[in-house]
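[1] Have a look at this fold, sequence not included:
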Ligand SMILES: [Zn+2]
């Protein structure tokens, strides 16, 4: 910093030329300006000198989760809300014919997308996740709007890069509704989780294992509500553990079904849901 100011003020090229054309001495005003610059520079806080020649092996990324959302608004409105308001996301995927991916927040910083929620008991997910918003209207009436193939393929590339950068586990790639089942439904039952799983993104189950569990459950009967609550907690969800099928439990079951069995997400315990839960690791 000081060296560059000296170079500017007393630099070998400009200062002598200036001195020659102005009587071989620096004019008092210029000398004063130079002193003022030096004084200002000297009082600026200096950063601590750091030796960065040794890097610790014991470290990992602060990012542990990738959370997906729909915007429930068009691209223009979503960009405005996510860049100028109190909510934001690291990325936004548009719904253009050739979708574009905006990066609105650097991955080293918190975006404000997750809000109140938890996954595997971890809350404050804004501090440990990357948020991706996808332009999609969600439900219009009772009709969930589809995600375009072009959006999904761009999303797959983006998630793959983020997951590799931060070593994100498959079961940590989740929807907003997985972490906040009591108040959120995005990315919704139209989101193609299975398609992502087929290319190695996110957690899924083996269909043969599910078929075996379904067959044996058909013999033994449906497990009780406490069993569902324990299994939902085991696979990451925040859910009551009191054995009652209350509204909170129904909401969690519905969130689970939207993600893993979107053909029916009524929040009711059933054999297929039990078999999928059993098959999930
Ligand atoms: Zn959301």
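    Structure received. Note that the structure is a prediction, hence the values are computed from the model and not measured.
[2] Next one: the residue of the stretch 101-250 of the chain found nearest the ion relative to residue 70, how far apart?
    Closest residue of the stretch 101-250 of the chain to the ion, CB to the ion: residue 176 (3.4 Å). In short, each C-beta sits where N, CA and C put it, glycine included. Using CB to CB, to the nearest Å, residue 176 is found at 9 Å from residue 70.
[3] Which neighbours do these two have in common?
    Both residue 176 and residue 70 are contacted by 186, 187, under the criterion CB atoms under 8 Å, 6 or more residues apart in numbering.
[4] related to what we said a few turns ago, list phi and psi for the residue of the stretch 101-250 of the chain closest to the ion.
    Backbone torsions for residue 176, taken as degrees, to the nearest 10, come to phi -60, psi -40.
[5] try residue 154
    According to degrees, to the nearest 10, residue 154 has phi -70, psi -40.
[6] same deal with the one 4 residues further on?
    The phi/psi pair for residue 158 (degrees, to the nearest 10) reads phi -70, psi -50.
[7] neighbours around the nearest residue to it once chain neighbours are set aside, how many?
    Nearest non-adjacent residue to residue 158, counting by CB to CB, 6 or more residues apart in numbering: residue 101, 5.8 Å away. Using other CB atoms under 10 Å, residue 101 is surrounded by 15 other residues.
[8] Against residue 158, how distant is residue 66?
    9 Å.
[9] quick one, what contacts the closest residue to the ion within the stretch 1-150 of the chain?
    Using CB to the ion, the closest approach of the stretch 1-150 of the chain to the ion is made by residue 69 at 3.3 Å. Residues near residue 69 by CB under 8 Å, 6+ apart: 89, 113, 131, 132, 133, 134, 175, 176, 186, 187.
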